[in-house]
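**Q** Sequence plus predicted model, see below.
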Amino acid sequence: MLEFAILGFLADARLHGYELRNRLAALTGHIRPIADGTLYPAIKRLEKAGFVTKDLEPGIVFAPRHMLTLTDTGRAELLRLLRDPKDVSITDENQWFCVLAFLRLLDDPAAQAAVLKRRLEFLTTPASFFYDGDRPLSAEDVDDPFRRGMLEIARVTSRTELEWLRRTIEELGEREDKSDQPTVRD
């Protein structure tokens with residue numbers, strides 16, 4: 001997820017490590033704070049793979065700084081990851097939000113909709129945090145007020161996301177239909 005998010009933010013703009021860490025923290029830091037010991041090795045791996053370049057830029061007020069730039073190979077990798085995210089990127093809420101943060105970079109509405117449909121399928125499959133044997137338990141099935149709270153919050157969140165997914169998939173289908181229509185010239 002970290003390397004994916006780095007590629008995504010660098011698709012937006014050249015950044016130096018401090019700016020990049022701040023953007024990553026805004027997206028994922030409340031869940032997983034980004035330490036230098038995690039960030040800089042990830043950047044080095046991306047550099048080694050040819051996805052990112054690092055150039056020294058003279059500072060105006062501050063000392064020179066290393067600027068990170070996404071390469072064409074890095075952009076191609078990011079788009080590949082967006083077109084076909086791993087299953088965990090569809091099912092894990094934190095990774096899903098990372099996918100959503102950069103899904104606009106795919107310029108094909110059908111490809112965007114295909115990713116959203118995978119999430120829709122995941123969310124419409126009966127599941128729970130708690131089970132009685134193989135049967136998923138609902139909020140009404142549990143006496144524990146804390147577990148009931150988890151299930152009620154998840155239900156409301158899922159309903160909201162399902163509404164958004166269905167509406168957005170429909171809008172993307174309309175965009176795709178319009179892009180298929182021939183243009184009329186005067």
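**A** Cool, the structure landed.
**Q** Tell me where the chain has strands.
**A** Counting by DSSP state E, the segments of the chain that form strands are 15-16, 52-57, 65-70, 131-132, 135-136.
**Q** right, and these - which one's nearest residue 79?
**A** strand 65-70 (11.0 Å; C-beta to C-beta). Quick note: C-beta positions are derived from backbone N, CA and C, even for glycine.
**Q** other SSEs contacting the closest one?
**A** helix 2-12, strand 15-16, helix 17-24, strand 52-57 (3 or more C-beta pairs under 8 Å, 6 or more residues apart in numbering; DSSP states H and E).
**Q** The second one - what's its average pLDDT?
**A** Taken as a whole, strand 15-16 carries a mean pLDDT of 89.
**Q** picking that back up, right, so the helices and strands packed on strand 65-70: which one is the most enclosed?
**A** Sort the helices and strands packed on strand 65-70 by mean neighbour count, taking mean count of other C-beta atoms under 10 Å, and helix 2-12 sits at the top with a mean of 20.
**Q** hmm, who's touching it?
**A** With contact meaning C-beta atoms under 8 Å, 6 or more residues apart in numbering, helix 2-12 is reached by 15, 20, 23-24, 27-28, 34, 38-39, 42-43, 45-46, 51-52, 68-70, 74-75, 77-78, 81, 89, 98, 101-102, 105.
**Q** Tell me the buried residues within the residues you listed.
**A** 15, 20, 23-24, 27-28, 34, 39, 42-43, 46, 51-52, 68, 70, 74, 77-78, 81, 89, 98, 101-102 (16 or more other C-beta atoms under 10 Å).
**Q** how about the helices and strands packed on strand 65-70 in CSV, adding distance to residue 112?
**A** CSV is the format used below for the helices and strands packed on strand 65-70 (distance: least, C-beta to C-beta, whole Å):
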stretch, distance to residue 112
helix 2-12, 14
strand 15-16, 25
helix 17-24, 22
strand 52-57, 24
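**Q** Looking at the ones you listed, which is nearest to residue 177?
**A** helix 2-12 (27.2 Å).
**Q** which ones are touching residue 35?
**A** Counting by C-beta under 8 Å, 6+ apart, residue 35 has no contacts.
**Q** scratch that, residue 65 is what I was asking about
**A** Residue 65 touches 16-17, 56-57, 59, counting by C-beta under 8 Å, 6+ apart.
**Q** Bridged to it, which residues?
**A** For residue 65, the beta-bridge partners under DSSP bridges are residue 57.
**Q** Same question for the longest helix along the chain: list its buried residues.
**A** In the chain, assigned by DSSP state H, the helix with the most residues is helix 145-180. Residues 147-148, 150-151, 165, 169, 172 are the ones in helix 145-180 that count as buried (16+ other C-beta under 10 Å).
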